[in-house]
Each structure stands twice: as structure tokens, then as C-alpha cells.
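Visitor: let's see this in three dimensions:
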Amino acid sequence: MTDETTRPFETSWEHISLELVHLDLLLQREVLRWRDAFPKDNHDAFRTVYISDGEVDRLLDDPSVSREAGSSRIEDIETAGAALRRTIDRRRQRSLELHVYLSLPHLARVFGLTPLEERIVVICLAPELELKYERIYSYLQDDISRRNPSVDLVLRLLCDGPAQGIQLRGSLSQRSVLFRSQILRSQETGDQHLPARTIKLDEPIANFLLCVGRADAELPGCVQHADHPLPSTSFVQGLKSKLVDATKNHFQERAPSNLKLIFHFHGRGGTGKKTLAAAISDAIGALLLVADLRELLRHPASFEVALRAIFRQGLLTTAAVYLDHFEELLKDEANAGAYLEVVATCVDDFSWVTFIDAPEYWEPAGLFKDHRFLAVELPVPDVTARAKLWEELAGKSCGAGPDVVDWPELAAKFQLTPGQMKNALTAARNYVHLRGGAGITVDDLNRGCRSQSNQSLATLSRKLAPRYTWPDITLPDNSLAQMREICGQMRHRQTVYESWGFGEKHSLGRGLCVLFFGPSGTGKTMAVEIIASELMLDAYKIDLSTVVSKYIGETERNLRKVFDEAETSNAILFFDEADALFGKRSEVKDAHDRYANIEINYLLQRMEEYQGLAILATNLRKNIDDAFFRRMHFAVEFPLPGQADRYAIWKQHFPSSAPVSADLDFDFLASRLNVTGGNIKNIVMNAAFLAAANSGAINMKHVVHATRREFEKIGRLCTDADFTPYHHLL
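Guide: As a prediction, this is how the structure comes out:
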């Protein structure tokens, strides 16, 4: 038969229940002491505002306790309490030897609590379980409003005399581990003397001790990360193995317990930083708590309390802590130092493994002392890896195969991270559902990819809405052929740079730089829209008024924003009237010349590094700096249209549904009016409005009148000779 005094506890609750029995003995003893020290008459008239002796005896379930029992009864209680204490300690030790999980010993081990500090926790836990303890504590403190124990009451329950009480005071000060770890909270402001302060157990700690609920669900800005499969790229899988080995080695080499491990993951969002952290945590048998610092900073006054609670939970549940959006701490320059100190203190007090997530590399500069700080970059997968990932993800989620989509082409067009690729597929499925289709098409995937591109570029530029296709533009055959070659190079970059190995020879300049030159109105913007439509990419026209600045250094900063956003937007950059940015460098005569040349040099650097398609438009080819021109992959001329081209343009601008009079002489318009396509567009539109206000059909009189207005606008003389035989219509 097993000795009851050495039988292991089966559950945490069984252990805590016996601790509460021991607490009841301590309370009975204190009740007797209290009555001996402060005898008082029973005033029934005030029974509603005080707690009677009989009520306390009933709550403690020992009606035999009375003031007449004297000191001998106290000695009996102390003997019973000591015997129960020995039983609890033996059963607890046996449980731990058999690896039975007990929440209270686990809490004590994690935070290094002494046996007396454990009992303080039990005293504060009791009111969380039974309201009777509120009444008993009020009775012993002679104050019906004080329902939680004071420091004085705790000292009276646990200490045999003033000397032991002085030693235990340190465990109840604000600097003690119980308060620094937020296991206990003081309900006063701190103005009171220590013995008078009321203390309370933190609710998540109470739930942890009782093994109820998910404590992380109560933490602000914190979630438990669910592991997802890592991208099946050799880089990420190799990095995972390397970091798992580094983590295991850190713990196996028996490093000092105060030496913490900190990983700094940097790279674009969606590259798998959280997933990699979860995989490392899983490999060492740990969970991962993700703390959203952006959410915590919405309440800066409670930032430290919230972050310490999250780190504490990581220590309690053997979970690594992942600090998401760490860059948000650095944006507030006035408070960044204070926030970083809070992080460093949390790492010192609670951390064992911490992950820091920021887009850019961050240097701690001694903030984490001698702790191990490992910075790891997670880049966007290359084109080959993206093509493989597309095929894998699509096969799992939507069944789209290579017979439906050219994955290498899609990978080359959109520099998406694995996370963005998953979201793009989700968006594509939503588009299919919206249109009531049966399967994902190339258009659905392209729309999904564009939805994941960084739309912040719209704040620095104007997004073009492609309305034109190849039949809408009239250009010389050579210019049209060049435009098609541009589209071909964008489509087949993966083949040339990756499959054929040309990328190893060209570390820079993998993007495509194109120059469109020719007079205003010859179709340069239309050509950009056609290319965007053909490639199914967004096109942004850079607003020079928001980029170019008279202040030194401001133009470079604006350009940096443009190119940084464009790198993640997978967009076509269109610099119209590019002379303002890409003009010739001048001889340095003063500081302004020097800084103007610096701007151009910076542009040269960013244009060479840009991985996408950048199109520059200018009216005069010779205005572009030679260094820029050497970096152009194509220079497409947009000349003034000849007579045959003008005839086609005139015809194209009249919709088939427009009411056109039979007297409209297209041969005359094409042969006698030497104007650009942009001018023709304006003339046709003005003629249409004139017709709508008059006869209802567009005739030569309307066109001649609209032409006169266009000539006046551009400063061109309008003579009768130009319009013969229609000069009478002027």
C-alpha cells in the first residue's frame, strides 16, 4: 500500500488544493492570535458592516475555534500545519521525480521563487478560487473593504517574528521578482508604507496556475503563431538547418543562464520570417508568441507592462517571443531610446530565445550587452525559386497547371515574396468566385499579383489606367517592333538571366531602361499604357512636382522613396518630360551645380539597380545626359506622323457609334493638316461637342472650327490657304 504522505500528486489542482488546506490552518492560527490580541464585544446592531467571529469560524469550517481555546489550540494548529507542510513537500518532490507537471513548482522554478514566495502566491491565489477568503482577509484586517491581503497580513501569516518578517519584506517590495515579473500587483499608488499596501495576483498567472484557458489570448497585441510549411527553396531550408543547429548548440554548450539568444530577421514582409522562427521554435520543442509592437504602441503608457507580460508568458509556457514590426519602435525618435531600454530589460529578465523582425538591418550598438545577437537576412526568392514556388502553391490551392499559366513568366514579372504569392492565389480564387467562373485564368492571377504589390507608390505618382491596345496606336513599323521587343524582354528575363546563366555576368542592370523620344502628342503615354496592358502590369507616371525640390538633398530623398516603393510594386515607372530629372550635367560653378550633379549621379545609380521596367519620355533626345543614354536598352522614336499615319489616326478617333456626316473629308484632313495625334484627338473631341450642341452630327464645319481653336491654342497661324477649299467654313 502506498504511503499517503509520499503519494505523488496527479494534477496541479490536487497540489494547490492541499496548499489551500495548509493556508486554512495558517488562517485559523491567525484568527486565534487576532482575537487574543484584540478582544471585542459582539455588536449585533452593526452585523451588516462587520464580519462576526461566528461567520469566520464557519468559513474556516472549524466551529470549535474560540477565544477560550487559548494558546494550546494555537499549538495544536501549528503542529498540524507543520505535519501537513512536510506531507505536501514530500508528495511534491515525488511528483517532480516522476515528471508530473505541477504548475506552482513550475512557476517557482522559472522565476526562481523561494518556498516562502510560493506561499505568498498561494495566499493571493485563494480569493481567485473562493470568495470566502475575501471575507476572512477583511476580518483579519479589520476592514470590510479590504478583500485582498495586505503585506502586513502576509507577514503575519508566514512569519514567526519580526526578524523573519524583515527578511520577507524584500520579497514584497516593488523591486522583488514577484513584482518585476508582474506575478503580483500592488493596488495602491505606492504612497503608503509597505505593510499597508494591498497586493493581488495577476489574473493570467492565476489562470496559468489553474491550467485554464490560453493565457496568451489575454495578452494585448499577442498571438500564438501557427506553423506553416517553409518555402521549399534551398536557401530557406538550408538557413533553417543552420539556425536550428545554432540554437541547439547555444543550449547544449551549457552557456551561462543569463546569456540570451536573439535572432534579428530582416527582409521584406512575406519572406517567411515568422514561419522560419516557428520552425526553429518547433525544432527545439517550443511555442512561438508573436508580439505586434505596432499594436502595443497604440497605448504607449502601458507599453512596458504589456511587453513584460508577453515575455513573462514566453518564459512560463516555454515559448520564444517574436517582436513583429520592430521598426515601429525606431520611428519615434523622441521615445525610441526608452522603448529599446524596455525591450532590453525584458530580454534580461525573461528571455531565452527572442526574434526581432524589421525590414532593414538594425544595429543594437551594445543594447543587449553580451547576449548572442545573430542578424539574418531573408531575401526575396530569385526568379527560378519563385517559378517553382508558384507551381507548388497553385497545385495545392487551385489546381492551375503549366498548361494554364506560364509560371516562369509570372515569376519574372512579379517580384513577390512567398507570403504575397499565397495571398495572390487567394485573391485570384476570389476573382473567379466573383465572376462565377470555373477555374483560375491568367488574368485572375495577374490581378491577384497586382493586388499584392505595394500600392504606396500611388502617393508619389499617378497610376495610369490602360485603355489602349496595339490597334489604337499608329507608329512606324520600326518603333512598333521595338515596343514588342520590350515586352518580349520583360517576359523572358527568367530564361536569359537564370536558365541560360546570363545573370551571373550581370549583377546590375537586370531591369529594362527605355527612352521614348519625339514631339509632344505623338503617342508616348499611349505606348506606355499599351505595354502595361500587354504585360498586365501597373504603370505609374511619376509626378515631377512631388519629386523635384529646390532644397538640397530633398530630391534624392523623394527619388529614394519612388524607387524603394517601385521595387516592391512590380510596376512600370514612367518619367514623362524626363529632361527635368535626367538632363545633362553641367559644369560646376557653384554649390547648386554640384548638388544638381549629385542628384543626376544618384539617379544613374538607382536606374542601374532597378529590376523592373523604367520608361523615360522626352521631346528632345539630345536633352538626355549621355550617361543615362548609355544605360538605355531601347530608344524608341515617336516622329511626327506622315500623311498616311495621320489618315489612320483621324479614322481611329471617331468611334463607330458616333454620328459622322458624309461630308467629312478625311483625305483633306490628313493631307493638309500637319498635326500630331494628340492634336487630332483634341480636335475630334471639340468637334464632337460642337456637333452635340448644334446639328447632332459631326460635319466638316465642326472639325474646321475645332481645328481653328486648336491652332490658336498652340500658337499656330490659321490662314484661308491652309483650309482651301473649306476656308469659307472658318
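Visitor: what is the neighbour count of the nearest residue to Leu26 once chain neighbours are set aside?
Guide: Across the structure, with CB to CB, 6 or more residues apart in numbering as the measure, the residue nearest Leu26 apart from its sequence neighbours is Leu157 (4.8 Å). Heads up, the C-betas are built off the backbone N, CA and C, glycines and all. Using other CB atoms under 10 Å, the number of residues around Leu157 comes to 18.
Visitor: quick one: residues contacting Leu157.
Guide: With CB atoms under 8 Å, 6 or more residues apart in numbering as the criterion, the residues that contact Leu157 are Leu23, Leu26, Leu27, Glu30, Ile123, Pro149.
Visitor: out of those residues, who's nearest Arg493?
Guide: Checking the contacts of Leu157 against Arg493 with CB to CB, the nearest one is Ile123 at 69.9 Å.
Visitor: avg pLDDT for the helix or strand containing that closest one?
Guide: Secondary-structure element containing Ile123, defined by DSSP states H and E: helix 115-129. Mean pLDDT, taken over the full extent of helix 115-129, equals 95.
Visitor: kindly report the same for stretch 405-418.
Guide: If you average the pLDDT values across stretch 405-418, you get 86.
Visitor: endpoint to endpoint, it covers what distance?
Guide: Distance between the two ends of stretch 405-418: 18 Å, counting by CA to CA, to the nearest Å.
Visitor: about what we covered before: packing partners for the helix holding Ile123?
Guide: The criterion is 3 or more CB pairs under 8 Å, 6 or more residues apart in numbering; DSSP states H and E, and the helices and strands that helix 115-129 contacts are helix 12-37, helix 103-111, helix 132-140, helix 151-158, helix 177-180, strand 184-186, strand 199-201, helix 203-210.
Visitor: so what's Cys124 closest to, chain neighbours aside?
Guide: Computed as CB to CB, 6+ apart, the closest residue to Cys124 that is not its neighbour in sequence is Leu201, at 3.9 Å.
Visitor: tell me how many other residues crowd the one you found.
Guide: By other CB under 10 Å, neighbour count at Leu201 equals 23.
Visitor: same question for the one 3 residues further on.
Guide: Neighbour count of Pro204, defined by other CB under 10 Å: 21.
Visitor: that one is in contact with Ala309, isn't it?
Guide: Yes - contact status for Pro204 versus Ala309: in contact at 6.9 Å, counting by CB atoms under 8 Å.
Visitor: so what sits against both of those two?
Guide: With contacts taken as CB under 8 Å, 6+ apart, Pro204 and Ala309 have Leu219 as neighbours in common.
Visitor: packing partners for whichever strand or helix holds Cys487?
Guide: With elements delineated by DSSP H and E, Cys487 resides in helix 477-491, which encompasses its position. With contacts taken as 3+ CB pairs under 8 Å, 6+ apart, helix 477-491 sits against helix 407-413, strand 512-517, helix 524-535, strand 634-637.
Visitor: comparing the ones you listed, which yields the minimum mean pLDDT?
Guide: Comparing mean pLDDT across the helices and strands packed on helix 477-491, the lowest value falls on helix 407-413: a mean of 85.
Visitor: so what does it touch, helix or strand wise?
Guide: Looks like helix 407-413 contacts helix 383-397, helix 442-452, helix 477-491 (3+ CB pairs under 8 Å, 6+ apart).
Visitor: how about the shortest one: buried residues?
Guide: By neighbour count, with 16 or more other CB atoms under 10 Å as the criterion, the buried positions of helix 442-452 are Asp444, Leu445, Asn446, Arg447, Gly448, Cys449, Arg450, Ser451, Gln452.
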